[in-house]
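**Q** Give me the fold of what follows.
(chains A and B)
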Amino acid sequence: ETGVTQTPRHLVMGMTNKKSLKCEQHLGHNAMYWYKQSAKKPLELMFVYNFKEQTENNSVPSRFSPECPNSSHLFLHLHTLQPEDSALYLCASSSPDASGNTIYFGEGSWLTVV
Amino acid sequence: AQSVTQLGSHVSVSEGALVLLRCNYSSSVPPYLFWYVQYPNQGLQLLLKYTSAATLVKGINGFEAEFKKSETSFHLTKPSAHMSDAAEYFCAVSDLNYGNNRLAFGKGNQVVVIP
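**A** Below you'll find the predicted structure:
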């Protein structure tokens, strides 16, 4: 059981396809994030949204296009990806509380680009 | 900028033995520190966090970590390893801005439990 739900869990797409990853958080948080996890690399922060506004874009290529229609939903639109984009994409959410600002992760979407 | 260092990508431990995963941090301000665990084919789950309330932090599944400012460390321990502890463990430090949170992650430790 998780407060952050990601769909699909697995996605295989060709380099010319257009697809989207979806994330929904049920925790009432204000901030949402996309992280990329590749083999043998540290977790990479891609995007941060705070109250639906994008507050951070870590030099992510334009073939990744995030969308945050409200504080509970976050999308990652994918188009003309490269094989090196194959990775686990993790969505997360957080809000400040009395003990800090803990980030909670979804189970991830495994993306394979062929 | 904050950062964490986790040495040794793979850690092997015998079932019933002590689990010790080392994490050293770099931070210009008092840090928030976290340990996350990732089981195969799953996302990251919070194990425990340090937020300046107590230096010894107890988490889920019998894990605990001790914050030592003088050593800039936040090592994770469990007295007796169980087969179910086989997973990847990530230490992270928070660069906290109100409203959002940038976590800097270490490279992770893949823990293998030997029967």
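**Q** Around chain A, which positions in chain B sit nearby?
**A** B:32, B:34, B:36, B:41-46, B:49, B:51, B:53, B:90, B:94, B:96, B:98-103, B:105-108 (CB under 8 Å from any CB of the partner chain). Just so you know, the C-beta spots here come from the backbone N, C-alpha and C atoms, and that holds for glycine as well.
**Q** What is the burial count for the residue nearest to residue B:40 when sequence neighbours are not counted?
**A** Spatial nearest neighbour of residue B:40, excluding adjacent residues (CB to CB, 6 or more residues apart in numbering or on different chains): residue B:87 at 7.4 Å. Applying the criterion other CB atoms under 10 Å in any protein chain shown, we find 21 residues in the vicinity of residue B:87.
**Q** show me the contacts for residue B:87.
**A** B:37-40, B:110-111 (CB atoms under 8 Å, 6 or more residues apart in numbering or on different chains).
**Q** Could you list the contact residues of chain A toward chain B?
**A** Residues of chain A lying close to chain B by CB under 8 Å from any CB are A:2, A:4, A:6, A:30-31, A:33, A:41-43, A:45, A:48, A:50-51, A:55-56, A:90, A:92, A:94, A:96, A:99-108, A:110.
**Q** you'd agree residue B:22 is up against residue B:77?
**A** No - counting by CB atoms under 8 Å, residue B:22 stays clear of residue B:77, with 9.9 Å between them.
**Q** Tell me which of these two has more neighbours.
**A** Each of residue B:22 and residue B:77 had its neighbours counted (other CB under 10 Å), and the higher figure belongs to residue B:22 (17 against 14).
**Q** Any stretches of the chain with poor pLDDT?
**A** By default, I'm working from chain A. A:1-2, A:97-100 (pLDDT under 70).
**Q** wait, I meant chain B there
**A** In chain B, residues with pLDDT under 70: B:95-101.
**Q** if you skip the residues just before and after it, what's nearest to residue B:14?
**A** Leaving aside its chain neighbours, residue B:14 sits nearest to residue B:114 (5.0 Å; criterion: CB to CB, 6+ apart).
**Q** Tell me who's in contact with that neighbour.
**A** Residue B:114 is in contact with B:12-15, counting by CB under 8 Å, 6+ apart.
**Q** burial measure for residue 52, as a count.
**A** Here I'm looking at chain A. That count, for residue A:52 with other CB under 10 Å as the rule, works out to 15.
**Q** wait, I meant chain B there
**A** Residues near residue B:52, counting by other CB under 10 Å: 12.
**Q** and if you look at the one 5 residues further on?
**A** Number of residues near residue B:57 (other CB under 10 Å) recorded here: 21.
**Q** Please verify my assumption that it contacts residue B:49.
**A** Yes - the pair residue B:57 / residue B:49 is scored as a contact, 6.8 Å apart, by CB under 8 Å.
**Q** With adjacent residues omitted, what lies nearest to the residue nearest to the spatial centre of chain B?
**A** The centroid of chain B falls nearest to residue B:35 when counting by CA atoms, centre = their mean (3.1 Å). Using CB to CB, 6+ apart and skipping the chain neighbours, the partner closest in space to residue B:35 is residue B:47 (4.3 Å).
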